[in-house]
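1. Okay, sequence plus prediction incoming.
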Amino acid sequence: MRETVTASELDLALVNALQLRPRASWADLAPPLGVTASTLARRWERLTGEGLAWVYGAPGREFSRTRCTAFVLVRCRPGTRSRIAQELCAHEEAVTIELTGPGSADLLIDVLAPDLPALTRFLTTRLETLPGVVAVDCLFATSLYVEGSRWRLRSLDPTQLSALGRAGARAPEPAATVELDAVDRALLDSLVGDGRLGLAVLAERTGTSPATVRRRLRRLTESGVLTFRCDMADALAGRPLPVSLLGRVPARDIAAVHRALAALPECRLVAAVTGRANVFATLWVHDLGDIQRRETTLCARQPTLEITDRIVGLHTVKRMGHLLDDTGRRVGVRPIRPW
């Protein structure tokens, strides 16, 4: 039975605005949305309280340059998949866990780790040893072209988008690896759970001052260590159907294929990966028929691309550390520490 969720146009516009500017003050967001700051605060309190939307800190663009990302396909013995997924939720390396439709995998896991030895330890000592796991196939990301924070609800009109500004601005690539200390890590831990925590609260949690927190946040975000996302329950997102495509393309054409995938509005992730396939992409489509339509269009534009597998997501139990119920509402957090 599909859940009925009452969300106003203002609710959807607020979520879209926070996708663009996740930590903007209510006073800054109020004029473009045409309401008062107190109205936005009340709306957001309801949305977060009901698990319909949330803002959180996530690894930024620097992560893919200096650390390890892998997409792991897991086969399970019949009747064990849900139990294995719940057990994996406790592991901070398994940042996203998805139950998938019949095919080459029963679970699709996004794994983040600070380095290759840490990722290997998770695979060999934690994942492969779980009772019921039959096979594990690991696709290491060699380049990440698009990640989940770019997907938009598209509820704002052009005037509102213009007023919000800097929505599509791309920060320069970081010049050097940033060394994290205990204060940085404490900030990251807090922001993974709630990306809109104020400076005073963060200062209290880290034993510093609001001015110190402001400087640290600027350093973490401008260096690409940290980014902020606004996510939402399936009902607010239009109940998209996630499908991950694995493909193979000659090396000379891989950049063109990545650009074609990134241009699709349904695209949430595009990566170059190791293994039999060298392209991994996740799309949020409308229905099962849309999978074939998108694939047909894509292959017509890029004739050297061969789609080798299609993995349909049935239910996401964990997304970037946030636990989701059967309707896609957030019901808890398991902090991730990939830095």
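-> Noted; the coordinates are in hand.

2. Can you classify Leu112 as helix, strand or coil?
-> Under DSSP: H, G, I helix; E, B strand; the rest coil, the three-state class of Leu112 is strand.

3. how near is the closest residue to it other than its chain neighbours to Ala105?
-> Take Leu112 and drop its neighbours on the chain: the residue closest to it by Cβ to Cβ, 6 or more residues apart in numbering is Pro338, 3.7 Å away. From N, CA and C alone the C-beta is placed, and that goes for glycine too. For Pro338, the distance to Ala105 (Cβ to Cβ, to the nearest Å) stands at 22 Å.

4. For the worst-scoring helix or strand of the chain on mean pLDDT, buried residues please.
-> Every helix and strand of the chain was ranked by mean pLDDT, DSSP states H and E. The lowest is helix 61-66, at a mean of 84. Burial within helix 61-66, assessed by neighbour count using 16 or more other Cβ atoms under 10 Å, is assigned to 61-64.

5. Direction included, what does the helix or strand following that helix pair up with?
-> Downstream of helix 61-66, the next assigned helix or strand under DSSP states H and E is strand 68-76. If you go by DSSP bridges, strand 68-76 pairs up with strand 107-113 (antiparallel), strand 133-146 (antiparallel).

6. rank the ones you listed by pLDDT, which is bottom?
-> Lowest mean pLDDT of the strands paired with strand 68-76: strand 133-146, a mean of 94.

7. bridging residues for Ala135?
-> Arg75.

8. With Ile109 as the reference, measure out to Arg319.
-> 11 Å.

9. shared neighbours of the two, anything?
-> Common contact partners of Arg319 and Ile109 (Cβ atoms under 8 Å, 6 or more residues apart in numbering): Thr96.

10. Compare those two and say which is more crowded by neighbours.
-> Remark: of Arg319 and Ile109, Ile109 carries more neighbours, 25 against 20, as counted by other Cβ atoms under 10 Å.

11. residue contacts, the residue lying closest to that one once chain neighbours are set aside?
-> Once flanking residues are discounted, Ile109 sits nearest to Val72: 4.4 Å by Cβ to Cβ, 6+ apart. Listed by Cβ under 8 Å, 6+ apart, the contact set of Val72 reads 107-111, 123, 127, 136-139.

12. ok, the spatially closest residue to Ser25 that is not a sequence neighbour - how many residues close by?
-> In this structure, Ser25 finds its nearest non-sequential neighbour in Ala37, 7.5 Å apart by Cβ to Cβ, 6+ apart. A count of nearby residues for Ala37, using other Cβ under 10 Å, gives 15.

13. Repeat that for the one 4 residues further on.
-> Here the neighbour count serves as a burial measure; for Ala41 (other Cβ under 10 Å) it reads 15.

14. and what of Gly207?
-> By other Cβ under 10 Å, 10 other residues sit near Gly207.

15. contacting residues for it?
-> For Gly207, the contacting residues are Val183, by Cβ under 8 Å, 6+ apart.

16. now Ala94
-> So Ala94 contacts 88, 109-111, 122, 127, 318 (Cβ under 8 Å, 6+ apart).

17. would TSV of the strands paired with strand 68-76 with distance to Glu306 be doable?
-> TSV is the format used below for the strands paired with strand 68-76 (distance: least, Cβ to Cβ, whole Å):
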stretch	distance to Glu306
strand 107-113	20
strand 133-146	16
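
18. picking up where we left off before, the contacts of Ala94, buried ones only, as a ChimeraX selection?
-> Per 16+ other Cβ under 10 Å, the buried members of the contacts of Ala94 correspond to this ChimeraX selection:
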select :88,109,110,111,122,127,318
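
19. which of the contacts of Ala94 lies closest to Leu191?
-> Closest approach between the contacts of Ala94 and Leu191, by Cβ to Cβ: Lys318, at 17.7 Å.

20. Provide the secondary structure category for that closest one.
-> strand.

21. Quick check: closest non-adjacent residue to it.
-> Distances taken as Cβ to Cβ, 6+ apart place Ile97 nearest to Lys318, at 4.4 Å, with adjacent residues excluded.

22. just checking, that neighbour is part of a strand?
-> Yes - the assignment for Ile97 (three-state DSSP) places it in a strand.

23. need the contact list for it.
-> When the contact criterion is Cβ under 8 Å, 6+ apart, the partners of Ile97 are 85, 88-89, 107-110, 316-318.

24. please redo it, this time with the cut-off set to 10 Å
-> In this structure, Ile97 makes contact with 72, 74, 84-89, 91, 107-111, 315-319, 323-324, judged by Cβ atoms under 10 Å, 6 or more residues apart in numbering.
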